[in-house]
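# next comes the sequence, and after it the predicted model I'd like to discuss.
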Amino acid sequence: MAKHVVVIGAGPAGLETSASLAKFGFNVTLVEKEDLSGGHLKKWHALFPSLMPGYEALDNIRKGLNPSVKMQVSTKITGMEAVNDYFTVTGHNGWQAKADAVVMTTGFQLFDAHRKEEYGYGIYENVITSADLEELFASGKELLNRHGRKPERIGFVHCVGSRDEKVNNLHCSKVCCITAVKQAIEVKQKLPDAEVFCFYMDLRMFGRHYEELYKEAQEKYNIQFIRGRLSESTEDQDGNVVVKVEDTLLGKPLRIKTGLLVLMVGMEPRANTRTLARRMGLKSVSDGFIQPVDEVLHSNYTEIPGLFVAGTCSGPKSIADTLADARSAAFAVADFFKK
Amino acid sequence: MKLEGKRLIWQDYQKEIADDHYFYARSCIRQTFFPGAEAVFVKILKDELGKDIHDNAHHTSCTGIGYHSDVVPFDTTMTVVARQFALMTEAGYENYAASCITSFGLYTEILETWHHFPETEARIREFLYKATRREFNKPKNLAHASDIIYKFRHQIAAKAKFKLVDKNTGEPLKVVEHIGCHYSKMFPHKGIGGAEYPYVLSGMIEAWGGEVVDYPERRHCCGFGFRQYLVQANRGFSISCSKKKFESMEPYEPDLIITNCPGCPMFLDRWQYALSEMEGKTYGKNNHGIPVFTYEEVAGMLMGYNPWEIGLQVHQVQAEPLLDKIGIPYDASQKFKGKNGEDIGIPESPSYLKFYAD
Amino acid sequence: MDKKAVNFGYIVTRDRQIDFDANDHTISRIVANAEPSLNLCISCGTCSATCSAAQFTDFSLRKIILLLRRDEIKSLEKEISKCMLCGKCQLVCPRNVSTRNLIIQISKALTTVHP
Amino acid sequence: MTFDLFVLPFFIGLLFLVAVLVIKYSRWIALMDAPDRVKAGMALFSVNLLKSLREVFLESLLHRKMFKRNALLGYMHMSFALGWFLLIVMGNLESRIYSGGHINPPYYPIFLKFFIHDKRVLPFEIFTLPGFFRFTMDLLLLYVLSGLVLALFKRTRSKWFGLKRTTKHNSFDRWALTSLWLIFPMRLLAESFTAGIYQGGGFLTNTLGSFFALILPVQYLAYPAWWAYSTMLGVFFVTLPWSRFMHIPTEIVLIFLRNAGIEPGKYPGSFSEIEIRSCPRCGVCIDVCQMNQVGLTGSTAVYFIRSLRDKQPDISLNANCMMCGRCLEACPVGIDTLGLRVGARNVDNKILASDFSYLPARQETEKNVDVVYFAGCMGHLTPAVKRAMLQIFEAAGINYTFLDEDGSICCGRPLKLAGMKDAALKLVAENTSKIKRTNAKILVTSCPICYKVFNNDYKLDGMQVMHHSVFIDKLVEDKKLTLNPLGIKTVYHDPCELGRGSGIYEQPRHVLKQISEVAGVTEERANALCCGGSIGELNMSATQRNVIRDNALNVLCEPNPDILVTACPLCKKTFGPGSGTPVLDIAELVAESMNQEKPALKSKTIVEV
């Protein structure tokens, strides 16, 4: 009889892992806590660097899914146990399954921007997050600030919740730099007269065509990049967000008004990923993401035989990297069953 | 601005404040600059709220000025503070109320140090014992005097004769709150509302009918900073800091500034004079300047205490326009009269800032 | 001010902070228009590293470009007349900024906007 | 009868033209400095005059340089210029004979056939052939008309004339051109009609006249035709000073002044005006300009000069030029396009401030050496060139000092090219004192840009300035350096500032031939291409520069050399990143050859070394 694999989380990683596993001929159950698959990608308007619409990417990922994959939606995993050579996976609604292997594709949660109090998210109306902006793009609404005005200047703050030990996050979320560049370009496409500023600590244009997009942002869209981490923001009488940074390349503090300030929120491990990992006795590194057996050679294996990870639950990844990791996880599972 | 956003944050930064029986430690600076403020605090607590407050004559400076100016070693400071705690213990009190922000910050810092390094506490106990044969209990509750006024702000509002409201228009007054740096910037959880959006003074302003002004340089230092002012060569830096704040708040046309720190009201008040003499520039309407008060002085004003008895005449920026705006009566002829109607002398009139003397 | 300023023995120091909104952006706009490759600078500093003058002084094209972008015109004026236009920076710039024309355009904008 | 009303358009036009020219020329010449005016005056009474006359004959009449470019183009221009000139000379001679040697009114020779209809054999013709003048005048007219036919052809078949692109003209030019073109057909008609009436004329006008008389009422047509002829002349003369045909008289003035030694570009608004108006807008400079390759055609010399003439200089046009000198080389009139360009840039950029007082005064210690070496700013970007030069100095046992070993200030040439003359002079002064303190006899530089400015603008009290390629050649000639053949094929790229700029073509080749097989390319020496890295150009983007570079590389690498050799660090830096063939400086190759024990090492090894 074909082996049964439970995949937890129907984001891009879960969908792609399930699709690949089904192609190997395994019985696959894909469990999702929400009523719809897609994870964060559902709300994402466009992907870097090609600006492919998020729904188009998601549609394509979903299309790969073999009908044989059993979808178990609206089920939040509350328990998992390794008994002999199989796993028992339990959902909050009483759903239960036995599996020969489990792949955790539980993804990430966005950093809660409220935690960077001094940036004023939730306090100053025109401070929003990158996810808010993405939703605004996806809604097709006009790009206005919360006072109903076209912002004359838009600021992007890189590394919000990333590389910041003040919020206990040492890690880099990888995708925010390029997302900021992408969103800055989209803003300029919608508001050609607006000035756009990116406040960064480092720019990490590590992927193919990212540097090109960055250059295009400078060359074609005149987007200004200021090296300096935001210290604090306040509001002026017109509802503009006044930000303070040091222009570190000039060595001078800088004060600048923005009509809309976008915080590039980073990735954090999900709270329930941590709980699940703890219960299973999985190692998670200090940043809370699950630690695979080896990050170079065995990036999908955990110390528990038969339990695998894929996607962003083991660290920040782009969609492209997530999909590759998901396919790699399916290979790892197949390899595991061979032994 | 979304107030509910700030409220969410304030929820995270609440602290225990004792209800009664305070051992009150006065402030070196405040006693000198605005002595009326501490007097009003004691008066309100005793007379209006019927609290037990012990005003001990034997306590000394906490050495905060010396400590922050790098002239007093930390061990010495801790031993002096231990003596204050001993006085509190000897007087039979457990709740320590500090008038000075720097003292409050220092006490907090010391208690935190002792918490993490019990051997340090033991050493200091030994020092104190050897030097004075005194022993002490650590305060059960440590509060800044403004925490206490914050705690009773609604009772005070209920008893007040006036509100922070323009009597002619009924509009709330626009109030700038300025929090002393040592209040919560070092230990955000020890201050009401935290460090980024402290609520301690905002809460009073709201309760007393005013409207809080959140202006871009709200977080900026008043410019006192012991090392800045005390070293004459650095005073230019001190005044420049104050100027930065005035320039930033000016467009909001604030009616007054409320502070909770010894140095801030002094410098925000006196530097307005110095700036006017140096640059010819005054802030506020009609060359009146922006009046700067302590939270106790404001509470006293609203209670209807005689402005001259609580010492408002010793402020550089004159209180009269604000008193008129709120509708608080005063006898102009008594402004510069001492306790028994004796003439205490009229100060020299500044060149640009408006000055009122009968 | 009708009265002589009082000397208290200290002075009000000028704010070091770049007040971006208070600065006049005319010059940077004129220059960016005249030499669009300005936008491509990533402040890597290769220009200053190769610059003949920078070997002996603190003259720095990287800094000049930043001062221009922030419209810190006062500081810019002092610096711009120091360039010898030899063009080494143009040869080493990884982003292909036309540095020589940039210098000329900044110089021109400075003299025409604030003669 | 020696007058008729119809001569008036011509006559008035001529008087007008002469008046305008006298006013213009004297104003421009008056604006020059007194010493230069004296120089110009003296030139009229010296051998210079003969030189100038010769040049006028060769260039203004024969159009020698045009012929060199393209025979058809040369013939066309020559037929107009020489043909018309001879018509005037012969016409005057003829009329003088008719009138018995009297001084005639100026229109008399022009319209002679209207006034004189006889078929006498003139006294002069006794010694030659009967009807000599009638024959010659007709022949000359035919000659001019043949040029006209070519000119018409050129409108649509410019490639036959060696021109890919032709000049775009303005309306004033078209008026002048139309009237010019109509002058000679009108003359032909007028003379033929008249010949038809009186059975006069030469082989052409007589034949045509007889023919016309058969089919047309020539007795009514002749007089209007004379009017038309005169009117065309009048229109042409009146429009001439504001059209490109102003070059006809002005070029002659230019030749005289130039031979008198007036510096081009020195007088914006005076001598430069004469240069500007000497431009015939023939468009020869358009095709040679490499800026075409990136669509920057608006800045070509002809249009740049026109913009100066129209007093609408476009600053960006002015900045868009590599100053490579190809247009100057091609210009049949020899207008100093570069001098004019720098002159105009000086006007544009004179407002720009420069202050080099911040540079530390580095007091050089007094030295006593034979040779001072200056690598230059660009030289420091090509350390291999520096190293090679030091090896060469050592090998040849030269007592030298390396002036800018620890860096230097710029030579000033880039500022000069950018039109910041005063700024450049500050650097020139600073460097001059440093160089002089070495007490050297020879200043050797690796950078042609430095070389040109050292040579032209520095006053070094007799110190000889040499580019390193020339110096190496001298060392080899003096047997101080032994070179071994490398057994490779090279192509030599002439750097603009060294080749066209300083006339050094042969020495580098002479050196190279001793160590390699030097292949020729289609465009070399005076016609060499610019590498695209030019510091003379101020406006071009890096992408555009790369296009020019790549096209130049295509030409240079056509013979498939092992090494592309240049003698300029800037060319090397420019070509390097775009070239599949290794690019080396001549000094590097010489050092390699000098160290070579055995010959016949292939290029690849050299590059690795």
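Structure received.

# how near is the nearest residue to residue B:264 once chain neighbours are set aside to chain D?
Leaving out its chain neighbours, the residue that sits closest to residue B:264 by Cβ to Cβ, 6 or more residues apart in numbering or on different chains is residue B:222, at 4.1 Å. Where C-beta positions appear, they are placed from N, C-alpha and C, glycine not excepted. Distance check for residue B:222 against chain D: by Cβ to the nearest Cβ, to the nearest Å, it reads 40 Å.

# check residue B:348 too.
49 Å.

# what about that residue, how many neighbours?
The local packing of residue B:348 (other Cβ atoms under 10 Å in any protein chain shown) involves 6 other residues.

# so where's chain C shaky on pLDDT?
For chain C, the stretches with pLDDT under 70 are C:1-3, C:115.

# one more time with 90, if that's ok
Chain C contains residues with pLDDT under 90 at C:1-10, C:13-16, C:52-53, C:55-57, C:74-78, C:111-115.

# those residues of it touching chain D, which are they?
Within chain C, the positions lying close to chain D (Cβ under 8 Å from any Cβ of the partner chain) are C:37, C:50, C:52-53, C:55-57, C:59, C:80-82, C:84-88, C:91-92, C:96, C:98, C:100-101, C:104, C:107-108, C:111-112, C:115.

# anything in the longest helix belonging to chain C near chain A?
Counting by DSSP state H, the longest helix found in chain C is helix C:99-113. No: Helix C:99-113 does not reach chain A (Cβ under 8 Å from any Cβ); its nearest approach is 14.4 Å.

# so how far is that helix off the chain centroid?
Distance of helix C:99-113 from the chain centroid (Cα atoms, centre = their mean, to the nearest Å) equals 10 Å.

# contacts for it, please.
C:26-27, C:30-31, C:34-35, C:37-38, C:47, C:61, C:64-65, C:68, C:73, C:76-77, C:80-81, C:83, C:85, C:87, C:89-90, C:93, D:319, D:349, D:351-353, D:414, D:418, D:535, D:538-539 (Cβ atoms under 8 Å, 6 or more residues apart in numbering or on different chains).

# picking that back up, quick one, what contacts the residue nearest to residue B:264?
B:178, B:241-242, B:245, B:259, B:261, B:263-264, B:267-268.

# so which of those residues belong to helices?
Checking these against DSSP H, those in helices are B:241-242, B:245, B:263-264, B:267-268.

# where's the dip in pLDDT among those residues?
Within the set of those, pLDDT is lowest for residue B:263 (90).

# sec struct for the residue nearest to residue B:264, please.
Assigned state for residue B:222: coil (three-state reduction, DSSP: H, G, I helix; E, B strand; the rest coil).

# just the CA atoms of the longest helix of chain C, as PDB, please.
What follows is helix C:99-113, C-alpha atoms only, in PDB (Å, rounded to 0.1, in the frame of the first residue of the first chain):
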ATOM      1  CA  THR C  99      31.000  62.200 -13.000                       C
ATOM      2  CA  ARG C 100      32.700  65.000 -15.000                       C
ATOM      3  CA  ASN C 101      29.500  66.300 -16.400                       C
ATOM      4  CA  LEU C 102      27.900  65.900 -13.000                       C
ATOM      5  CA  ILE C 103      30.600  68.200 -11.500                       C
ATOM      6  CA  ILE C 104      30.100  70.800 -14.300                       C
ATOM      7  CA  GLN C 105      26.300  70.600 -14.000                       C
ATOM      8  CA  ILE C 106      26.400  71.100 -10.200                       C
ATOM      9  CA  SER C 107      28.800  74.000 -10.600                       C
ATOM     10  CA  LYS C 108      26.600  75.500 -13.300                       C
ATOM     11  CA  ALA C 109      23.400  75.000 -11.300                       C
ATOM     12  CA  LEU C 110      25.000  76.600  -8.200                       C
ATOM     13  CA  THR C 111      26.200  79.600 -10.200                       C
ATOM     14  CA  THR C 112      22.900  80.100 -12.100                       C
ATOM     15  CA  VAL C 113      20.500  79.500  -9.300                       C
END
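
# quick one: the residue nearest to residue B:264 from chain C, how far?
Taken as Cβ to the nearest Cβ, the span from residue B:222 to chain C is 15 Å.

# residue A:326 now?
Taken as Cβ to the nearest Cβ, the span from residue A:326 to chain C is 35 Å.

# what of residue A:327?
Going from residue A:327 to chain C by Cβ to the nearest Cβ gives 35 Å.

# contacting residues for the closest residue in space to that residue that isn't next to it in sequence?
Excluding the flanking residues, the one nearest residue A:327 by Cβ to Cβ, 6+ apart is residue A:20, at 5.0 Å. Applying Cβ under 8 Å, 6+ apart, one finds that residue A:20 lies in contact with A:326-327, A:329-331.

# part of a helix, is residue A:20?
Yes: assessed by three-state DSSP, residue A:20 belongs to a helix.

# dump the residue contacts of the nearest residue to residue D:367 once chain neighbours are set aside.
Distances taken as Cβ to Cβ, 6+ apart place residue D:438 nearest to residue D:367, at 4.6 Å, with adjacent residues excluded. Neighbour list for residue D:438: D:364, D:367, D:369, D:372, D:401, D:403 [criterion: Cβ under 8 Å, 6+ apart].

# from those, pick the one nearest residue A:182.
Proximity of the contacts of residue D:438 to residue A:182 (Cβ to Cβ) peaks at residue D:403, which lies at 52.2 Å.

# follow-up on the earlier one: for PyMOL, what selects the buried ones among the contacts of helix C:99-113?
In PyMOL, a selection of the buried entries from these looks like this (16 or more other Cβ atoms under 10 Å in any protein chain shown):
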select buried, (chain C and resi 27+30+31+34+35+37+38+47+61+64+65+68+73+76+77+80+81+83+85+87+89+90+93) or (chain D and resi 319+349+352+414+418+535+538+539)
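
# and for the residue in the stretch 201-350 of chain B that chain C sits nearest to, the neighbour number?
Minimum separation of the stretch 201-350 of chain B from chain C (Cβ to the nearest Cβ) falls at residue B:280, amounting to 3.4 Å. For residue B:280, the neighbour count with other Cβ under 10 Å is 14.

# dump the contacts of residue D:438 into TSV; add secondary structure, distance to residue D:90 and pLDDT as well.
Shown next, in TSV, are the contacts of residue D:438 (DSSP: H, G, I helix; E, B strand; the rest coil; distance: Cβ to Cβ, whole Å; pLDDT from 0 to 100):
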residue	secondary structure	distance to residue D:90	pLDDT
D:364	coil	69	72
D:367	coil	70	88
D:369	coil	67	94
D:372	strand	63	96
D:401	strand	68	95
D:403	coil	65	93
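
# using PyMOL, define a selection of the buried residues within those.
This is the PyMOL syntax for the buried subset of these, where burial follows 16+ other Cβ under 10 Å:
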select buried, chain D and resi 369+372+401+403
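
# quick check: the farthest pair among the contacts of residue D:438?
The widest separation within these (Cβ to Cβ) is 11.7 Å, between D:364 and D:369.

# how close does the closest residue to residue B:271 other than its chain neighbours get to residue C:10?
Closest residue in space to residue B:271, ignoring its immediate chain neighbours: residue B:242 at 4.1 Å, by Cβ to Cβ, 6+ apart. For residue B:242, the distance to residue C:10 equals 12 Å [Cβ to Cβ, to the nearest Å].

# and what of residue B:25?
32 Å.

# what do you get for residue D:593?
Residue D:593 is 72 Å from residue C:10, where distance means Cβ to Cβ.
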